[in-house]
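Novice: Curious how this folds, go ahead:
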Amino acid sequence: MKKELIAHKNPKSPVAETFRTLRTNIQFMNTKKNLRTILVTSTMPGEGKSWVTANLATTFAQSGKKVLIIDADMRKGRQEKIFSIDSNPGLSNYLLAASDNADVDVLTYVKKTEVGNLYLMPRGSVPPNPSELLTSQTTSEMIDKLKQYFDILIFDGTPSLIVTDAVIVARIVDTTIIVTEHNVTKKDNLIKVKRSLEAVGASVAGVIMNKVPINVKKYENSYYYGSSTDKSMKEEVENKEIVSKNINKNDREDKVAKQIEEYFNNKEKEE
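Specialist: The predicted model follows:
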């Protein structure tokens, strides 16, 4: 596992705290509907969408949710590198197999990560027609199947100005996040991406500015770690986290939770 998983490797860091805040903001923005599917895209390659996806998914998993990352960048996806997991079989292999046989077991293409509650469907083999695969009805049916096992599905999409794959996925997910790079992403490009997403009826939750320089000392002396009021705010957030975990644990259907755990335990024994 690479050092990129800061939310897992260094959960007390300012960056990990930022991802927890992002997770909370996303949840509050969707209080009126049950948020289950999220797409993370960018304007151009290199802006950090895969890194954001991996760490955001980690924080959701840490809150007690069963989370699946789907690497929907079948051309140059890199989630398997972040988690040190084989890329095959993966998304492309499932979509091809399921198009011929609807009874294919979707969990066969899902892999456990070292992070508790977090799973990955890697990109799979590079197909000649990624956009066509995502456009098919099989993709929507796959999402319905995966919702039976996971609380949240997070798609790591393609850069939206390069290919249309992410725009296709945006039509069938609950919300979309655009990742930009500080002092690099062009405003015109961001506007184009936002308009292209909205043109297909996508719900854009907001924009994440990545790679912003931070002053660690300034961070530690503000918000959570400054005055007694800030400490109370920190304790309140931590208490909400604990309550959230307990509620999630109590509300989870034991049958589904046991089913997915037994599946992967049996899979490990066979290997």
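Novice: hey, where'd the helices end up in the stretch 51-200 of the chain?
Specialist: Assigned helices in the stretch 51-200 of the chain, in chain order: 79-83, 91-100, 130-135, 137-146, 165-170, 187-199 (criterion: DSSP state H, counting those that start in this stretch).
Novice: Most tightly packed of those?
Specialist: With neighbours taken as mean count of other Cβ atoms under 10 Å, the helices of the stretch 51-200 of the chain reach their highest mean count in helix 165-170, at a mean of 24. Quick note: C-beta positions are derived from backbone N, CA and C, even for glycine.
Novice: what's that one packed up against?
Specialist: strand 37-42, helix 130-135, strand 152-159, helix 187-199 (3 or more Cβ pairs under 8 Å, 6 or more residues apart in numbering; DSSP states H and E).
Novice: among these, which is nearest S87?
Specialist: Of all those, strand 152-159 sits nearest to S87, with 12.6 Å by Cβ to Cβ.
Novice: Please write out the alpha-carbon positions of that closest one in CSV.
Specialist: The C-alpha trace of strand 152-159 is given here as CSV (Å, rounded to 0.1, in the frame of the first residue of the first chain):
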residue,chain,number,x,y,z
ILE,A,152,-21.6,3.6,-0.7
LEU,A,153,-20.1,3.2,-4.2
ILE,A,154,-17.5,5.7,-5.2
PHE,A,155,-16.5,5.8,-8.9
ASP,A,156,-13.1,7.0,-9.8
GLY,A,157,-13.9,8.4,-13.3
THR,A,158,-11.8,9.7,-16.2
PRO,A,159,-10.8,13.3,-16.7
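Novice: Not counting residues beside it along the chain, what's closest to M121?
Specialist: Counting by Cβ to Cβ, 6 or more residues apart in numbering, M121 lies nearest to I70, which is 4.7 Å off, once chain neighbours are set aside.
Novice: Could you export the helices of the stretch 51-200 of the chain as JSON lines, including distance to A16 and mean pLDDT?
Specialist: As requested, the helices of the stretch 51-200 of the chain are arranged in JSON lines below (distance: least, Cβ to Cβ, whole Å; pLDDT from 0 to 100):
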{"stretch": "helix 79-83", "distance to A16": "15", "mean pLDDT": "94"}
{"stretch": "helix 91-100", "distance to A16": "28", "mean pLDDT": "93"}
{"stretch": "helix 130-135", "distance to A16": "31", "mean pLDDT": "92"}
{"stretch": "helix 137-146", "distance to A16": "26", "mean pLDDT": "95"}
{"stretch": "helix 165-170", "distance to A16": "26", "mean pLDDT": "95"}
{"stretch": "helix 187-199", "distance to A16": "26", "mean pLDDT": "95"}
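Novice: In TSV, list those helices along with distance to S50.
Specialist: Below are these laid out as TSV (distance: least, Cβ to Cβ, whole Å):
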stretch	distance to S50
helix 79-83	6
helix 91-100	14
helix 130-135	16
helix 137-146	20
helix 165-170	12
helix 187-199	17
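Novice: Mind checking the ones you listed for the one nearest to L39?
Specialist: helix 165-170 (5.3 Å).
Novice: List the contacts of the closest residue to L95 other than its chain neighbours.
Specialist: Ranked by Cβ to Cβ, 6+ apart and with sequence neighbours excluded, the top spatial neighbour of L95 is L133, at 4.5 Å. L133 makes contacts with 74, 92, 95-96, 99, 127, 139, as judged by Cβ atoms under 8 Å, 6 or more residues apart in numbering.
Novice: Fine, thanks again, bye for now.
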